[in-house]
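Asks: Turn this into a structure:
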Amino acid sequence: MIDGWNNCGYPQPEAGFKYESISFDAEKICPECNCGRVQTNNLRVNKLSKHGFWTFFSWLIDEFFVSERIYNEVFSPHGIEKRNVIKGGKIVEGVYQLIIPTIDESIDLSDREHEICPICGVHKYSMRHMQYPFFPLHKHPLPGIYKTKEYFGSGGQAQHSIIISKNVADKLIESKDLKREWLIPCRRADNNQ
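Replies: A predicted model of the protein is given here:
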């Protein structure tokens with residue numbers, strides 16, 4: 001599981017969280033906890049990172065961006081799709097948002113501290129439980145990179161956890177776009193892997 005990353009900028013337009021109504025189906029976003037986002041348009045950015053794999057400083061930290069080189073070398077072989085990014089009203093050449101799939105399979109977090117949104121009923125699990133030594137792994141993980149079905153965080157700030165394969169992580173570490181200490185090993189609940 002990725003527990004650290006390169007950050008750059010905020011989703012745009014920033015004022016009043018207008019990015020939500022421009023890039024997402026605003027009717028699907030819970031007004032209480034902000035869960036349930038369904039992206040309908042390209043994300044807009046105000047800055048581009050020098051790194052080949054990065055996300056925002058806040059608000060949408062489970063959406064990642066990649067350089068064209070990193071996309072072609074690391075994510076495209078796993079069938080991970082991409083979408084364009086907009087800066088200053090124009091499509092940015094050579095930078096993409098990864099369309100990271102969300103797994104349908106649940107993980108057993110019944111023993112973990114959580115809160116339940118009174119409006120939409122989403123369970124949001126405490127970030128404290130994302131620590132070492134292991135994060136639970138799905139019985140049937142998706143290839144390359146994927147998001148958990150579950151949300152982590154509290155209040156209006158919650159996101160999916162990002163699970164990444166060893167192969168993809170090693171390539172990002174080799175390109176200096178990910179640090180080994182930003183990873184938490186996963187273990188399936190049904191065995192010691």
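Asks: quick one: contacts for the residue nearest in space to the middle of the chain?
Replies: With distances taken as C-alpha atoms, centre = their mean, residue 62 lies nearest the centre of the chain, 2.1 Å away. Contact analysis of residue 62 by C-beta atoms under 8 Å, 6 or more residues apart in numbering lists 55, 100, 147, 159, 160, 161, 162. Where you see a C-beta, it was placed from the backbone N, CA and C, and this is true even at glycine.
Asks: For this structure, give me the ranges with low pLDDT.
Replies: Residue ranges of the chain with pLDDT under 70: 128-133, 189-193.
Asks: top helix in it by residue count?
Replies: helix 166-174 (DSSP state H).
Asks: Return the distance of it from the chain's centre.
Replies: 17 Å (C-alpha atoms, centre = their mean, to the nearest Å).
Asks: Check stretch 112-119 too.
Replies: Worked out by C-alpha atoms, centre = their mean, stretch 112-119 lies 20 Å from the chain centre.
Asks: Ok, stretch 40-55 next?
Replies: 13 Å.
Asks: measure it end to end?
Replies: Across stretch 40-55, the terminal residues are separated by 18 Å (C-alpha to C-alpha, to the nearest Å).
Asks: re the thing from before, distance-wise, check the residue nearest to the centre of the chain relative to residue 148.
Replies: According to C-beta to C-beta, to the nearest Å, residue 62 and residue 148 sit 9 Å apart.
Asks: got any residues that touch both of the two?
Replies: In contact with both residue 62 and residue 148: 160, 161, 162, using C-beta under 8 Å, 6+ apart.
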